[in-house]
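Student: could you work out the structure for the sequence below:
(2 chains)
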2 protein chains.
Amino acid sequence: MRGAILHAPGDVRFEERPDPVIIEPTDTIIRTVAASVCGSDLWPYRGINEVPKPRPIGHEYCGIVEEVGTDVTSITPGQFVVGGFLTSDNTCPHCRAGFQSACQNGGGYDGCQSEFIRVPLADGTLVATPEAPPEDLIPSLLSLSDVMATGWFAAVSAGVKPGMTVAVVGDGAVGLCGVLAAAELGADRVIVMSRHPDRQKLALEFGATEVVAERGDDGIGRIKDLTDGVGADAVLECVGTGEAILQALRSTRPGGLVGYVGVPHGVELPVHEMFFSNVGLRGGPAPVRRFLPDLMDRVWNRRIEPGRVFDLELPLDQVADAYRAMDQRTAIKVLLRP
Amino acid sequence: MRGAILHAPGDVRFEERPDPVIIEPTDTIIRTVAASVCGSDLWPYRGINEVPKPRPIGHEYCGIVEEVGTDVTSITPGQFVVGGFLTSDNTCPHCRAGFQSACQNGGGYDGCQSEFIRVPLADGTLVATPEAPPEDLIPSLLSLSDVMATGWFAAVSAGVKPGMTVAVVGDGAVGLCGVLAAAELGADRVIVMSRHPDRQKLALEFGATEVVAERGDDGIGRIKDLTDGVGADAVLECVGTGEAILQALRSTRPGGLVGYVGVPHGVELPVHEMFFSNVGLRGGPAPVRRFLPDLMDRVWNRRIEPGRVFDLELPLDQVADAYRAMDQRTAIKVLLRP
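Tutor: Prediction:
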C-alpha cells in the first residue's frame, strides 16, 4: 500500500509501505475512507519537534473494516468505523474512569495517512456507525477521530454548563469545534477569539455569539469588557502556545477553569498568578473514546456538522500539499481521500 | 493596644500600637478572643518573603464585636464572630460565585495578632455564632478563620466525592484539616503523607485510613502501590513547595485533580507532564466566607473538632515564642490569647 512518511521537517512523502497485517488477536485492519492532517502533525513538520528518522505519520481516520483478529468481538468486517487518535482497551481503570487517553495498554498508530491502517485494541478503540454512512456525513465522522472530540473535551474540562459565558482561544479546527461543543453544552454566550474573517464566520455558524479579534492584553481586556470586568466562566485553550495559555488564564473569572487541549509548546505556567486568581487548569489529550458514541449520535442525527471545519479536500497521494496548506494557513483543515 | 509587629526576618515584637478605629461605615472593631500564627506568616518570618519595613502581622482570629460602623447591619456588638483571612463584601460577582477570596472590594488586615482588630466589610466577612461559645469550642472556631476552611477548600478544589481515594500531601495544620475535610466529604480512603508520629496520630483520628511516611519518588510509589498502580482519585497539596506540588501531581490518577492551597514558593509547574497525564490543578487562597456558615455548624454541633491542630497555647504577648515554635516545628500550630 501507499502511505505518508515524514522524512524530515517540511518533507512528507506519499510512498510505498508494507501492507499492515494483524499482529495481535485484538487488531483490526481497516481500509481508509478519509484521513486528515492534525495541528499536532505540524509540530514535527515544522521542525519544532525533532524528526530523528523517517516515520509514518497521521492519526485521524475513518474507514471500512477489512479484517479482524481472532479476539475482536464488537467490530466486524464491512462496518464503517471511527477511532480516536490513541488506541485504548476501554476496560482498564483509566478507561473505566473515562480517561481512555491514559489507557494502561493503549498507544498510537503506525501512521494513518495511508490506504490501510492497523488498529490495535479494536474493540476498545473503534465505534461503528449504525449502517454505511451517506457520503455527506464522512467529513463530520472523520472529525470525531480528533478535532471534534478534542474541542468537546476542552469544553468538558473547562466545566462548561448551561447558561455560562465561555471564551475560546484559538480559531483552528479544534477551537471551532470547541465553539460548537460549548454551544451544544448549553453555554449562553460563546466568545471566540479570532482574527480571520472566514473562521469568524464559521464560528458564528457553530454558535459563537461574539467575536474578539484582539490578542494578548487587548484581547483579555475585551473579554473583561464583555463580561462586566468579571472574566469568562470557562475558557477553552485550543492552541498550545505560551501566549494562548496566558490569554486563556487571564480571561477566566476567579474560580473558573481553563480547559486546555493544545499540546503545550514553549509554555511556562504562571503558578503565582494562577494560584492567587483561583483559576484552575485541566485538560490534555482528549479521551476520544469516551465521547465517540455520543458525538457519533449527534452527527448521525444531523444535530451537529463539525465536518465543516474541512475547507480543503485533496487526494491522499497529495498529502504533501495538505501539509503545506495547513502550514501556510491557506486551509483550516484538509480532508484526504485515497 | 498591643499587637505583633514583624520588624525583620526572625524579629516579631509585641508592642504598643494605636487602637484601631472605625474608618469606613462598613467597619467593625472586635476584641480578640484568640488569634494564631499561619504557615504563610512564616514566609516573611523566615526571610523567604521580603520584609522591607516593620509591619503588623497575622490574619487568623476570632473575637467579640466591640463597635460597628453605621452601615453594618448583620453584626452587632457583643456577638462572637469569626472572619476569614481576607475580607469580602459578599455581594460582588466573585463573592456571589463563591470566590470571596477574589472579592472586588476585599483585602487584608492591618495585623490580627493584637488585642483589637479592625475588620473592614464586616457584613460580608464575619459570621457570628448562635450564642456565646463554650470555652472548649474556641480553638475549633478559631481554626475556621483559615486552616480548616483552607483544608476544606483543598478538598473541594480536588473534587473530593463520596467513595473516592484521596491523598493529602502535607501534615501541617492545613494538611490535617484537609484530611478531616476529605473524610467529612465522604472519601472512602484518605492517605496522609506524614513522617511525624504525632501528626500521623492526629491524622488517623481525623479520618485518615493510611499513612505514607516516604517522600518524593518513594512516596509517589507508595501511593501507586496502595491504589493498584492507578493513583489517588483526588490529591490535596497543602505545602506549597515545588517538591510537594510534584508529589501531588504524580500521585494523582489520570483525569484527577490536585487541589492546591499552599502558597507556591519555588514552584515550576511541569506543564508537559500535567498535560499528558490529564491531571488538573485548581485551588489558591480559600474563599473562607463560602464555607464559614457550614463549617461553623459542624463545629457548633461538635461533628468536627479541627481545633485539635493547636498543640500549643501561649499568651498573646509571647507571640515571638509562637513564631519560634512554629518555625522550629516544635509546635504544629499555636493558639494565642490576649
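
Student: could you list the domains of chain A?
Tutor: A:2-146+A:287-337, A:148-283 (automatic domain parsing).

Student: out of those, nearest to B:Gly242?
Tutor: domain A:148-283 (9.4 Å; C-beta to C-beta). In this view, the C-beta of every residue, glycine as well, is placed from N, C-alpha and C.

Student: now check that closest one, is it near chain B?
Tutor: Yes. Counting by C-beta under 8 Å from any C-beta of the partner chain, chain B has neighbours in domain A:148-283: A:157, A:228-230, A:253-255, A:257, A:260, A:263-264, A:267-269, A:271-272, A:274-283.

Student: lowest-pLDDT helix or strand in chain A?
Tutor: helix A:42-45 (a mean of 94; mean pLDDT, DSSP states H and E).

Student: buried sites along that one?
Tutor: By 16 or more other C-beta atoms under 10 Å in any protein chain shown, the buried positions in helix A:42-45 come out as A:Trp43, A:Pro44, A:Tyr45.

Student: for the second one, give me its contacts.
Tutor: When contacts are counted by C-beta atoms under 8 Å, 6 or more residues apart in numbering or on different chains, A:Pro44 is found next to A:Leu6, A:Pro9, A:Glu50, A:Val51, A:Ile57.

Student: residue with max distance from the center of chain A?
Tutor: A:Asp228 (32.0 Å; C-alpha atoms, centre = their mean).

Student: what's the closest of the domains of chain A to B:Ile304?
Tutor: When the domains of chain A are ranked by proximity to B:Ile304 (C-beta to C-beta), domain A:148-283 comes first, at 24.2 Å.

Student: not counting sequence-adjacent ones, nearest residue to A:Gln113?
Tutor: Of all residues not flanking A:Gln113 in the chain, A:Gly58 sits nearest, at 3.3 Å (C-beta to C-beta, 6 or more residues apart in numbering or on different chains).

Student: what about the one you found, which SS state?
Tutor: Assigned by DSSP: H, G, I helix; E, B strand; the rest coil, the conformation of A:Gly58 is coil.

Student: is it true that it touches A:Ala4?
Tutor: Yes. Between A:Gly58 and A:Ala4 there is a contact at 5.8 Å, judged by C-beta atoms under 8 Å.

Student: which neighbours do those two share?
Tutor: A:Gly111, A:Gln113, A:Ser114.

Student: buried ones from these, can you make that a ChimeraX selection?
Tutor: Here is the ChimeraX command that selects the buried residues among the shared contacts of A:Gly58 and A:Ala4 (16+ other C-beta under 10 Å):
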select /A:111,113,114
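
Student: I'd like the shared contacts of A:Gly58 and A:Ala4 as CSV, with secondary structure and pLDDT appended.
Tutor: Formatted as CSV, those follow (DSSP: H, G, I helix; E, B strand; the rest coil; pLDDT from 0 to 100):
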residue, secondary structure, pLDDT
A:Gly111, coil, 96
A:Gln113, coil, 98
A:Ser114, strand, 98
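
Student: and the shared contacts of A:Gly58 and A:Ala4, which is closest to chain B?
Tutor: Ranked by distance to chain B (C-beta to the nearest C-beta), these are led by A:Gly111 at 20.6 Å.

Student: give the contact list for that closest one.
Tutor: A:Gly111 touches A:Gly3, A:Ala4, A:Ile5, A:Arg17, A:Arg55, A:Pro56, A:Ile57, A:Gly58, A:Ile117, counting by C-beta under 8 Å, 6+ apart.

Student: A:Gly170 too?
Tutor: Here A:Gly170 is in contact with A:Gly178, A:Met193, A:Leu236, A:Glu237, A:Cys238, A:Val239, A:Ala244, A:Gly262 (C-beta under 8 Å, 6+ apart).

Student: quick one: the strands in the stretch 201-338 of chain A?
Tutor: A:210-212, A:232-237, A:252-260, A:280-283, A:312-315, A:334-337 (DSSP state E, counting those that start in this stretch).

Student: highest mean neighbour count out of the ones you listed?
Tutor: Most buried of these, by mean neighbour count (mean count of other C-beta atoms under 10 Å in any protein chain shown): strand A:232-237, with a mean of 30.

Student: partner strands of it, parallel or antiparallel?
Tutor: Paired strands of strand A:232-237, with direction, are strand A:165-169 (parallel), strand A:252-260 (parallel) (DSSP bridges).

Student: who touches that strand?
Tutor: Everything outside strand A:232-237 that qualifies as a contact, by C-beta under 8 Å, 6+ apart, is A:151, A:154-155, A:158-161, A:164-170, A:175, A:178, A:181-182, A:187, A:191, A:223, A:244-245, A:247-249, A:251-253, A:256-262, A:283.

Student: work out the gap between that strand and the centre of the chain.
Tutor: Using C-alpha atoms, centre = their mean, to the nearest Å, the mean C-alpha position of strand A:232-237 is found 18 Å from that of the whole chain.

Student: dump the residue contacts of the residue lying closest to A:Gly111 once chain neighbours are set aside.
Tutor: Among residues not flanking A:Gly111 along the chain, A:Pro56 sits closest, at 2.4 Å (C-beta to C-beta, 6+ apart). The contact partners of A:Pro56, taken as C-beta under 8 Å, 6+ apart, are A:Gly3, A:Ala4, A:Ile5, A:Leu6, A:Arg17, A:Tyr109, A:Asp110, A:Gly111, A:Gln113, A:Ser114.
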